[in-house]
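>>> Have a look at this fold, sequence not included:
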């Protein structure tokens, strides 16, 4: 069985050894994530090089996603490394506190502008919502709070304002530098953190264009404002990530499940890929097997229609990174065999492009005929993306000659990227050569029916205008 849902795995110290990275990719990773909140450019470059080598050795296409840190507001460090806050005590976030001089009464705040953006009565959360502070006073250099929910607070923890409303832009100076570095590494995707509106995406795309890079931008949805502006964000972004950690802090954890379903539905309607992230199998940071609740969480994301599910600390710093990927693969396969194809959208959609019409006609036909595989010759990856957004149980083999397109395709649900250089062939040779390539990889055999989509003008982006049903073994 070939899983249709893609797996994004975060790289880190736990995956650096070849005897971990190689089986990690072999286990079923489709896209790796570089977390630019940690590590330096040289470290990320070394991981890119290692992934490319492992994927090539295994005959796999693995996309690379660079996740920018964004304007994450963090506290400083404590002299003891951590403190324990008690309920009802007073605790200060102080811009004048030494960066590493925090104690049980105060800690450094690395974002002085926060003082001008908050007021008494509002709540701040630390440690992904585990610690809750109520603002009782705001001075020229500090925010005085009363601890509502205490606990152990460690160095450099992130801070959120409950309900949102912070004005920091999505691209910091560090992000701009990291984005340029990521473009030079040849990554396929940039994940933009703390997006508020479409302008954040446009800014990132302009910087990518100035670097003459072929990189898609994923909008991380973790702010209230992003949910409110989701339609305009989807119009310019190349995909979404439902970043449930910070999103839960801003909107409340009880709101996240319904928002996850809403965001996935909106992304699929817009024909944009969507990743579900954060704490999907967190117990596997230390345990070799997931909890039943974690398996259900992954399964529900698959049932919702997510293109990909993501592992964070489970692979980057966990004790069982390969087992975490294997467990996620099992969860995806287990639910996919019970999930019907969705094609109601076919009868309702108004079309404006020929290649989109070809994609939809292909899925409509494939879901009603005994088709073994759908084959799309593609330059930009757009035709198989439209096919993926509708969903079918039939594998979509997307053949392209462009490395960046193959990397994009690695994220799309149900799409299997295959390197194929159509420009080396005469027009009359294409159909036979395509089928031979699929037979060599075990996708089809004699007697199978295949649907092939392509354009009259080979090598032209957006030119798909033909759908042909072929019987393997009878190709001319």
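Cool, the structure landed. Since we're looking at a predicted model, the values are computed, not measured. Residues are numbered from 1 along each chain as shown.
>>> what sits against the residue nearest to residue 370 when sequence neighbours are not counted?
Nearest in space to residue 370, with sequence neighbours left out and distances taken as Cβ to Cβ, 6 or more residues apart in numbering, is residue 449 at 6.0 Å. No exception for glycine: its C-beta is placed from N, CA and C like everyone else's. Going by Cβ atoms under 8 Å, 6 or more residues apart in numbering, residue 449 touches 369-372, 469-472.
>>> now do 10 Å
366, 369-373, 469-472 (Cβ atoms under 10 Å, 6 or more residues apart in numbering).
>>> Please tell me how far it sits from residue 472.
8 Å (Cβ to Cβ, to the nearest Å).
>>> Nearest the geometric middle of the chain, what residue?
Among the residues of the chain, the one closest to the centroid is residue 275, at 4.2 Å (Cα atoms, centre = their mean).
>>> Which residue ranges make up each domain of the protein?
What automatic domain parsing lists as the domains of the chain is 6-71+169-336, 73-161, 344-471.
>>> could you dump these to JSON lines with mean pLDDT?
Shown next, in JSON lines, are these (pLDDT from 0 to 100):
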{"stretch": "domain 6-71+169-336", "mean pLDDT": "96"}
{"stretch": "domain 73-161", "mean pLDDT": "93"}
{"stretch": "domain 344-471", "mean pLDDT": "89"}
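>>> Burial check on residue 17, number of neighbours?
By the measure other Cβ atoms under 10 Å, the count of residues near residue 17 is 10.
>>> ditto for residue 251
Neighbour count of residue 251, defined by other Cβ under 10 Å: 20.
>>> all helices in the stretch 51-200 of the chain, in order from the N-terminus.
Along the stretch 51-200 of the chain, the segments classed as helices by DSSP state H, counting those that start in this stretch run 173-185, 198-210.
>>> what angle sits between the helix or strand just after the last one and helix 198-210?
Just to be clear, that refers to helix 198-210. Following helix 198-210 in sequence order, the next helix or strand is strand 216-221 (DSSP states H and E). For strand 216-221 against helix 198-210, the angle by axes from the mean of the first three to the mean of the last three Cα atoms, to 10 degrees is 160 degrees.
>>> Would you mind measuring from the nearest residue to residue 92 once chain neighbours are set aside to residue 114?
Using Cβ to Cβ, 6+ apart and skipping residues adjacent in sequence, the residue nearest residue 92 is residue 106, 3.9 Å away. From residue 106 over to residue 114 the distance is 15 Å, taken as Cβ to Cβ.
>>> swap in residue 230?
25 Å.
>>> more crowded one of those two?
Between residue 230 and residue 114, counting by other Cβ under 10 Å, residue 230 is the more crowded of the two (23 against 20).
>>> For residue 388, give me its contacts.
By Cβ under 10 Å, 6+ apart, residue 388 lies in contact with 4, 6, 268, 271, 273, 307, 359, 363, 381, 396, 398, 409, 411-415.
>>> Mind jotting down where the strands sit in the stretch 151-300 of the chain?
151-154, 158-161, 189-192, 216-221, 239-243, 274-277 (DSSP state E, counting those that start in this stretch).
>>> Among those strands, which comes closest to residue 96?
strand 158-161 (17.1 Å; Cβ to Cβ).
>>> What pairs with that closest one, parallel or antiparallel?
Under the criterion DSSP bridges, strand 158-161 sits next to strand 73-74 (antiparallel), strand 123-126 (antiparallel) in its sheet.
>>> which residues touch that strand?
Under the criterion Cβ under 10 Å, 6+ apart, residues 37, 72-75, 93, 109-111, 114, 117-118, 122-129, 131, 133, 135, 143, 166, 194, 222-224, 245-250 lie in contact with strand 158-161.
>>> Of these, select the buried ones using a ChimeraX command.
To isolate the buried members of the contacts of strand 158-161 in ChimeraX, using 16 or more other Cβ atoms under 10 Å:
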select :72,73,74,75,93,109,111,114,118,122,123,124,125,126,127,128,129,131,133,135,143,166,194,222,223,224,245,246,247,248,249,250
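>>> picking that back up, can I get the helices of the stretch 51-200 of the chain in CSV with distance to residue 425 and mean neighbour count?
Listed next are the helices of the stretch 51-200 of the chain as CSV, based on distance: least, Cβ to Cβ, whole Å; neighbours: other Cβ atoms under 10 Å:
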stretch, distance to residue 425, mean neighbour count
helix 173-185, 32, 18
helix 198-210, 32, 17
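>>> Now render the ones you listed as JSON lines, adding distance to residue 218.
Below are these laid out as JSON lines (distance: least, Cβ to Cβ, whole Å):
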{"stretch": "helix 173-185", "distance to residue 218": "12"}
{"stretch": "helix 198-210", "distance to residue 218": "9"}
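>>> Next, show the common contact partners of residue 449 and residue 472.
Joint contacts of residue 449 and residue 472 (Cβ under 10 Å, 6+ apart) are 372-373.
>>> I'd assumed residue 423 was in contact with residue 457.
No. If you go by Cβ atoms under 10 Å, residue 457 and residue 423 don't touch, sitting 11.3 Å apart.
>>> Any chance of the strands of the stretch 151-300 of the chain in JSON lines with distance to residue 173 as columns?
As requested, the strands of the stretch 151-300 of the chain are arranged in JSON lines below (distance: least, Cβ to Cβ, whole Å):
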{"stretch": "strand 151-154", "distance to residue 173": "26"}
{"stretch": "strand 158-161", "distance to residue 173": "19"}
{"stretch": "strand 189-192", "distance to residue 173": "15"}
{"stretch": "strand 216-221", "distance to residue 173": "18"}
{"stretch": "strand 239-243", "distance to residue 173": "22"}
{"stretch": "strand 274-277", "distance to residue 173": "25"}
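>>> Let me know which of those strands is the nearest to residue 312.
That would be strand 274-277 among the strands of the stretch 151-300 of the chain, by Cβ to Cβ, at 6.8 Å.
>>> Mind listing the strands the closest one pairs with, and their directions?
Sheet pairing of strand 274-277 (DSSP bridges) gives strand 239-243 (parallel), strand 308-311 (parallel).
>>> Which of residue 457 and residue 423 has more residues huddled nearby?
Shown here are residue 457 and residue 423; by other Cβ under 10 Å, residue 457 has more neighbours (10 against 7).
>>> How about that one: what's its closest non-neighbour residue?
Counting by Cβ to Cβ, 6+ apart, the residue nearest residue 457 is residue 463, at 5.1 Å.
>>> same check, this time on residue 414
Nearest non-adjacent residue to residue 414, counting by Cβ to Cβ, 6+ apart: residue 4, 4.1 Å away.
>>> Right, I'll leave it there.
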